[in-house]
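A.B. asks: Just to be clear, the model below is a prediction. Sequence and coordinates:
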Amino acid sequence: MQVESQIPQVNLPSSLRLTAAAGVAALAAGSAFVAYFDPSKANFLPVCPLFALTGLACPGCGLTRSFHALFHGDIITAVDFNMLTPFWALIFAYTAVALTMMAVRGKGLPMWPTNPRFITIFGVVLLTFGVLRNIPAYPFTILFP
């Protein structure tokens, strides 16, 4: 029992733990919603404003359809809708695990998705992907949703 006494206790305020639990609940509810309703057939889901106004696909275009396909086990279709789906899935899964750990035990994982360096690099990736997927030439047309 000596080892247990050496583990530092983290006393997070209960409001932060409840906020983390609410975040996990929101991620779970959003995931269940996207898994249940097919975005290709449901007409109540919003359309991308950039695509509706300009006909250009933003880096996030196709993500809802992509996650619906991913939740149903169709990985090829998911990546076809949006090539960045595996990265977004990794970020969402890591955040869900970190928030769950924070809500349950009071200490979560390091939140690298909120690190300024990660945000900068991922922003450049999103910008580059957004430009490339709108070039109307062969290899880039594959990226269009």
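C.D. replies: Here it is on my side, so go on. Remember, predicted model here, so these are calculated numbers, not experimental data.
A.B. asks: In stretch 127-143, which residues are buried?
C.D. replies: Within stretch 127-143, the residues scored as buried using 16 or more other CB atoms under 10 Å are 129-130, 133-134, 143. For the C-beta atoms, the positions are set from N, CA and C on the backbone; glycine is no exception.
A.B. asks: For those residues, could you give me JSON lines that also reports distance to F51, pLDDT and secondary structure?
C.D. replies: What follows is the buried residues of stretch 127-143, written out as JSON lines (distance: CB to CB, whole Å; pLDDT from 0 to 100; DSSP: H, G, I helix; E, B strand; the rest coil):
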{"residue": "F129", "distance to F51": "15", "pLDDT": "97", "secondary structure": "helix"}
{"residue": "G130", "distance to F51": "11", "pLDDT": "96", "secondary structure": "helix"}
{"residue": "R133", "distance to F51": "11", "pLDDT": "95", "secondary structure": "coil"}
{"residue": "N134", "distance to F51": "10", "pLDDT": "95", "secondary structure": "coil"}
{"residue": "L143", "distance to F51": "14", "pLDDT": "91", "secondary structure": "coil"}
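A.B. asks: next helix or strand past the longest helix that the chain contains?
C.D. replies: Ordering each helix of the chain by length in residues (DSSP state H) puts helix 14-36 first. Counting by DSSP states H and E, the element after helix 14-36 in chain order, helix or strand, is helix 49-54.
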